[in-house]
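Enquirer: What shape does this take:
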Amino acid sequence: MSLNRTSDLVLLLAETNTGDAAEELALRRSVEHALGLDDRQRPWYVERLFQAADSEPTPLDRYFRVSGSVDAPPNRFEQAAAELAYRLSEVTGYPVEADLPSSSFEPPASNLAEALTYGAGSEPAGSQPYTWALDAIRCREAWGLTPREGGTARGGGIIIAHPDTGYTDHPDSGVAALDLRRDWDLLENDDDARDPLDKRFANPLVHPGHGTSTGGVLAGRRVTCVEGVAPRATVVPLRTIKSVVQVFDSDVARAIEYARRIGAHVVSMSLGGTGFRGLRDAIDFAVADGLIVLAAAGNQVRRVVAPAIYANCIAVAATNAEDKPWRGSSRGVKVAISAPGESVWVPAYDFESSHEPQPCLERSSGTSFAVAHTAGTAALWLAHHGRDSLIETYGKHRLQAAFLRLLATHGHRSPPDWDGSNFGVGIIDAEALLSAPLPSPSDVDNSHERGLAATLTEPPGDRVAELFPELGGDEVEQRLVTLFGVPADTLPGKLDRYEPELVRVFGEHPEAWEAFAAPGADVAASVARFASPTLIRDLRTGQRSLA
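Expert: Numbering: from 1, shown residues only. As a prediction, the model looks like this:
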């Protein structure tokens, strides 16, 4: 039995920045020639991924989205989408990859009954007080500091862009903190980012109210018992997802670029997906323009997911009230810092006790809340010193690097036996971060800074290497050579064609990821379980040549 599903194919125009109208027309004709009509007998829809800006062209202008309906069994939909991408790439000459929903970020865990009764259950000791997470990062001590000249307290004047499920009128979520003039719904393409709280089908992969919970951690104004980290900051809700585990990466990329264009200062992403070039470019562009961009490291999959895995995105892991890592948190060398994420009190909704969702407070777990605590602290830091003053000192393009430098040198605390190789330098300490003297511009490390056109010259295998930071680039290259069964000098040609699909296979299927990470494993067999027929044929050809 087959089922119609909509596949968004993202066309990456890696050799042009011009946005030339004639080139766009030629592209549309190429799509028509390559794909014909979709499976509902409609023309494939071609649009620019990012809204055209009034300023000079940017590297983001080269991205297009080609979308239409594909009839394929759900368990073979990935492969069908990859085949369409290869067909389109052959005709256009450009890299093409399928923008499919990701399942690499498991849902946050919560237990409403335990939360409402303060039941001990499996909740960590010390998580009963509503303020434990703020106390763990010494947030209220940071609020008491006198801002530097030109600065403000509690995040005042800082704009946090918040790609998530949207906002609600929950009394404890910080509605007063929301900017509802610049909110945007990227799913419906309109100016109302309200979360419909739709759980009619009880789909476990849908997370209505998630944006309310994370937004409350960011900047909630205290109404009853909970308060956000930066309660005087302004949050711009961007309805980007219905679920933290069914993420379309192109929507996240558009949300980041929208945040940059409206003048946001911080981007907090409590979500995770597979990733693609355009998402990484959007983050690079935002950071170069003075934004601090952070994302949740991931839940239940151990490895860091996209976009947190990218060099210019700050990856945040989760801890609990005992200052120990949350057992469900992703971990690895890419994690920069950790913050409270297990059994955190958040504004939420009860969908069980009434026909209509009822606002409540509950304890919930996930790196979603860890990154919200850290993003809120970034807002405190920007406000405390005055963002304009920081830009004058470091320049826009090194503002995030200065924040990271202080996190590493002063803005954290390391509990006994802290695992710094997997959970970053320690647990964020807001008071220490704000109190610390600013580093000299010459001491600010900008080694993670990527040029705005970096993906035009990125080395083959770079995206795969990002998924395996512990291996190192040379080892990743050698394992790819073995996987394809080709000489090293021919590997770039293979990766030009297959890297997007490999990234998805490794990102979505733990078995394949673990096989590639393990020495001596049969990677080809593991990949073939999930790959398209085209990639499988090429892998088998290479393996036969090795034999």
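
Enquirer: residue ranges with poor pLDDT in the stretch 401-547 of the chain?
Expert: Where the stretch 401-547 of the chain drops to pLDDT under 70, the residues are 446-460, 545-547.

Enquirer: mind listing the strands for it?
Expert: Per DSSP state E, counting those that start in this stretch, the stretch 401-547 of the chain carries strands over the ranges 412-413, 427-428.

Enquirer: quick one, which of these is nearest to Leu271?
Expert: With CB to CB, the closest approach to Leu271 among those belongs to strand 427-428: 19.8 Å. (Each C-beta comes from the backbone N, C-alpha and C, glycine too.)

Enquirer: if we look at the closest one, which residues are touching it?
Expert: For strand 427-428, the external contacting residues (CB atoms under 8 Å, 6 or more residues apart in numbering) are 136-137, 319, 323, 337-340, 373-374, 377, 407, 411-415.

Enquirer: Narrow those to those in helices?
Expert: Among the contacts of strand 427-428, the members found in helices (DSSP state H) are 136, 373-374, 377, 407.

Enquirer: Burial check on the nearest residue in space to Ser343 that is not next to it in sequence, number of neighbours?
Expert: Closest residue in space to Ser343, ignoring its immediate chain neighbours: Ser127 at 4.0 Å, by CB to CB, 6 or more residues apart in numbering. Around Ser127 there are 23 other residues, counting by other CB atoms under 10 Å.

Enquirer: do the one 5 residues further on as well
Expert: With neighbours defined by other CB under 10 Å, the count for Trp132 comes to 18.

Enquirer: contacting residues around it?
Expert: 126, 321, 340, 345.

Enquirer: Tell me which two in these are the farthest apart.
Expert: Across the contacts of Trp132 (CB to CB), the longest gap, 12.3 Å, separates Gly126 and Trp345.

Enquirer: And those two? Which one has more around it.
Expert: Higher neighbour count among Gly126 and Trp345: Trp345, with 26 against 14, using other CB under 10 Å.

Enquirer: counting contacts, what elements does the host helix or strand of the more buried one pack onto?
Expert: Trp345 is part of strand 344-350, with elements assigned from DSSP states H and E. If you count contacts as 3 or more CB pairs under 8 Å, 6 or more residues apart in numbering; DSSP states H and E, strand 344-350 packs onto helix 112-117, helix 132-136, helix 210-219, strand 358-365.

Enquirer: In TSV: those, plus distance to Arg302 and mean pLDDT.
Expert: Formatted as TSV, those follow (distance: least, CB to CB, whole Å; pLDDT from 0 to 100):
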stretch	distance to Arg302	mean pLDDT
helix 112-117	25	36
helix 132-136	23	98
helix 210-219	22	95
strand 358-365	15	92
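
Enquirer: could those go into a markdown table alongside distance to Glu188?
Expert: Shown next, in a markdown table, are the helices and strands packed on strand 344-350 (distance: least, CB to CB, whole Å):
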| stretch | distance to Glu188 |
| --- | --- |
| helix 112-117 | 29 |
| helix 132-136 | 33 |
| helix 210-219 | 15 |
| strand 358-365 | 24 |
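
Enquirer: who wins for proximity to Glu511 among those?
Expert: Of these, nearest to Glu511 by CB to CB is strand 358-365, at 25.3 Å.

Enquirer: Identify the neighbouring strands of the closest one in the sheet and state each direction.
Expert: strand 109-110 (antiparallel), strand 344-350 (antiparallel) (DSSP bridges).

Enquirer: any idea how far the strand holding Trp345 is from the chain center?
Expert: 22 Å (CA atoms, centre = their mean, to the nearest Å).

Enquirer: returning to that earlier point: pick the one among the ones in helices among the contacts of strand 427-428 closest to Arg28.
Expert: Thr374 (42.3 Å).

Enquirer: What confidence value was assigned to the closest one?
Expert: pLDDT recorded at Thr374 is 98.

Enquirer: So Asp169 sits against Leu178, correct?
Expert: No: using CB atoms under 8 Å as the test, Asp169 is too far from Leu178 to be in contact (9.8 Å).

Enquirer: More neighbours: which of those two?
Expert: Leu178 (21 against 11).

Enquirer: where's the more buried one relative to Ala517, distance?
Expert: Leu178 sits 42 Å away from Ala517, going by CB to CB, to the nearest Å.

Enquirer: same deal with Asp289?
Expert: 35 Å.

Enquirer: re earlier: which stretch among the strands paired with strand 358-365 approaches Leu60 most closely?
Expert: Among the strands paired with strand 358-365, strand 344-350 sits nearest to Leu60 (CB to CB), with 33.4 Å.

Enquirer: Grab the CA positions of the closest one and hand them over as CSV.
Expert: Output of strand 344-350 as CSV, limited to C-alpha atoms (Å, rounded to 0.1, in the frame of the first residue of the first chain):
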residue,chain,number,x,y,z
VAL,A,344,12.9,21.7,34.6
TRP,A,345,9.7,23.5,35.7
VAL,A,346,8.0,25.0,32.5
PRO,A,347,4.7,26.4,31.4
ALA,A,348,2.9,23.6,29.6
TYR,A,349,-0.6,22.3,28.7
ASP,A,350,-2.6,19.4,30.1
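
Enquirer: what's the average pLDDT for that strand?
Expert: 93.

Enquirer: Ok, stretch 147-157 next?
Expert: Per-residue scores along stretch 147-157 average to 96.

Enquirer: which outside residues touch that stretch?
Expert: 143, 145, 219, 229-234, 376, 379-380, 382-389.

Enquirer: per-domain residue ranges of the chain.
Expert: What automatic domain parsing lists as the domains of the chain is 3-99, 109-443, 459-546.

Enquirer: any idea which of those domains is most buried?
Expert: domain 109-443 (a mean of 22; mean count of other CB atoms under 10 Å).

Enquirer: List the residues that contact Gly376.
Expert: Gly376 neighbours (CB under 8 Å, 6+ apart): 139, 155, 160, 217-219, 228-230, 233, 268.

Enquirer: Any chance of a markdown table for the strands of the stretch 401-547 of the chain, columns distance to Glu188?
Expert: Below are those laid out as a markdown table (distance: least, CB to CB, whole Å):
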| stretch | distance to Glu188 |
| --- | --- |
| strand 412-413 | 40 |
| strand 427-428 | 35 |
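
Enquirer: Relative to Thr367, which of those is closest?
Expert: That would be strand 427-428 among these, by CB to CB, at 13.1 Å.

Enquirer: to the chain's geometric centre, what's the distance from that closest one?
Expert: The answer for strand 427-428 is 20 Å, by CA atoms, centre = their mean.

Enquirer: Could you number the chain from 165 rather than 1 from now on?
Expert: Sure, I'll start counting at 165 from here, so that last one is strand 591-592.
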